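Novice: Structural data only, the sequence is not supplied:
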């Protein structure tokens with residue numbers, strides 16, 4: 001009885017001029033499936049049954065439209081490219097660099113290591129680090145500069 005009464009009304013409610021008939025039927029069908037699944041959520045003190053049913057229909061239509069306007073996946077997008085497989089020599093070299101970096105970080109004074117970790121690993125801005133550590137901004141900047149200078153020396157890079 002519910003279907004016989006509301007189906008024609010919901011078809012009119014969800015249809016737009018020029019809308020495909022099959023789309024309208026899909027939305028109405030999905031509405032009734034949702035009504036069946038979510039019947040336990042209906043609260044007669046909040047709204048009448050028809051108001052709740054039309055709300056379910058409106059949400060089903062919105063969900064259907066969202067799915068319909070999703071762009072197709074661009075398989076040429078560089079984000080989807082698979083990273084090339086590294087050869088064992090590259091993997092070993094990268095692992096050695098990681099160990100050197102850990103050693104260089106460990107050799108820094110605690111105060112410099114702390115600001116460097118917050119800046120590069122926690123991705124905080126200098127002002128945020130200053131606020132978190134309750135330090136002047138200039139102190140944070142100079143500690144980062146000193147730490148990076150020590151790291152460059154550790155890796156044999158020129159500070160220029």
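Specialist: Great, that's in hand. Bear in mind the structure is a predicted one, so any value in this text is a computation, not a measurement.

Novice: neighbours around residue 108, how many?
Specialist: Using other CB atoms under 10 Å, residue 108 has 20 other residues around it. Any C-beta I mention is one placed from the backbone N, CA and C, and that applies to glycine too.

Novice: try residue 13
Specialist: 17.

Novice: in what helix or strand does residue 147 lie?
Specialist: Element membership for residue 147, per DSSP states H and E: helix 137-154.

Novice: quick one: buried residues of that helix?
Specialist: Buried residues in helix 137-154, counted by 16 or more other CB atoms under 10 Å: 140-141, 143-144, 146-148, 150-151.

Novice: Now distance to residue 44 and pLDDT too, for these, in TSV please.
Specialist: Listed next are the buried residues of helix 137-154 as TSV, based on distance: CB to CB, whole Å; pLDDT from 0 to 100:
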residue	distance to residue 44	pLDDT
140	60	94
141	63	94
143	64	93
144	62	93
146	69	93
147	65	92
148	66	90
150	70	89
151	67	87
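
Novice: sorry, back to before: name the helices or strands packed onto the helix holding residue 147?
Specialist: Using 3 or more CB pairs under 8 Å, 6 or more residues apart in numbering; DSSP states H and E, the elements in contact with helix 137-154 are helix 88-107, helix 110-120, helix 126-133.
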